[in-house]
Structures are given as C-alpha cells and as structure tokens.
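Engineer: Pasting the sequence and the predicted coordinates here, then a few questions.
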Amino acid sequence: MINRPVGEGEIDDQLSLTFAALADPTRRAILARLAAGEMTVNELAKPFAMSVQAVSKHLKVLEKAGLITRGKEAQWRPARLRLVALDPALDWIERYREVARERFDRLDQEIQRIKSAREGEPTNG
C-alpha cells in the first residue's frame with residue numbers, strides 16, 4: 001500500500017486515468033485532431049486503419065479521463081477536447097521538471113567550482 005497525504009488519492013487516480021489515456025498513440029492522435037475543433041466519431045475514424053467502433057472505444061477512454069466531452073445530440077455526438085483536464089498532469093510534470101532543473105543547476109555550480117579550483121581561481125561557494 002502506498003502512503004500518501006489525505007486527499008491526494010483522488011488526484012492520483014485522475015492522473016492515472018490521464019496518463020493511461022495518453023499512453024496510447026491512437027488516443028494522442030485523436031486529441032491532436034480534436035485540437036482543431038469538434039468532430040464526430042466518423043470524422044475522427046477517417047485517417048485510422050480501424051473501425052468506427054474501435055475509435056469509439058478510444059473516445060470512451062478519453063472521456064472517462066475527462067480529456068474530451070461528447071455532445072448529446074441523437075446521432076451526431078461530436079467530441080470536444082478539454083484542455084483544462086490536462087492541467088493536473090502538466091502540474092505534476094512541471095514539479096519534477098523543476099526538481100531536475102535544480103539538480104542540473106547545482107551540478108553546473110559544482111563543475112564551475114572544480115574548474116575554478118583547477119585554474120587556481122578563487123571559488124564562489
């Protein structure tokens with residue numbers, strides 16, 4: 001069992017849904033197409049070598065992850081991209097990007113210190 005602060009379980013579950021949805025290249029391609037505007041399942045299925053039913057299954061995964069919404073009009077149920085749903089994943093990634101940046105900055109400072117010491121210059125730190 002993973003120990004985590006109270007209240008983070010829901011966020012982690014949503015991140016899991018988001019990353020699982022984004023893990024598939026077909027679903028990423030569908031999201032890229034939806035970035036141009038809403039489309040029906042038939043329109044989304046055109047460039048793919050798969051059935052409309054298979055594309056519909058991908059849409060269900062994207063919808064469950066909150067990355068798209070679907071219209072409710074009878075036969076015409078357009079899918080729409082929900083960019084705001086990517087914010088928690090972007091925040092999570094950015095947190096670790098910042099950790100990596102800090103580590104690289106410290107490494108760079110250490111390299112500069114070593115270079116200065118080898119050249120006989122005074123060090124800053």
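Structural biologist: Perfect, thanks for sending it. Note that the coordinates shown come from a computational prediction; the quantities given were computed from them, not determined experimentally.
Engineer: neighbours of the closest residue to residue 40 other than its chain neighbours, just the number please.
Structural biologist: Distance criterion C-beta to C-beta, 6 or more residues apart in numbering; nearest residue to residue 40, sequence neighbours excluded, is residue 78 at 5.5 Å. C-beta coordinates here come from the backbone N, C-alpha and C atoms, glycine included. Neighbours of residue 78 under the rule other C-beta atoms under 10 Å: 18.
Engineer: which residues touch residue 78?
Structural biologist: Neighbour list for residue 78: 38-40, 70-71 [criterion: C-beta atoms under 8 Å, 6 or more residues apart in numbering].
Engineer: ok, residue 14 touching residue 86?
Structural biologist: No: Residue 14 is not in contact with residue 86 according to C-beta atoms under 8 Å; the separation is 11.0 Å.
Engineer: on contacts alone, who are the packing partners of the helix or strand hosting residue 105?
Structural biologist: For residue 105, the enclosing helix or strand under DSSP states H and E is helix 87-118. With contacts taken as 3 or more C-beta pairs under 8 Å, 6 or more residues apart in numbering; DSSP states H and E, helix 87-118 sits against helix 8-22.
Engineer: and the next element down the chain from the helix it packs on?
Structural biologist: helix 25-34.
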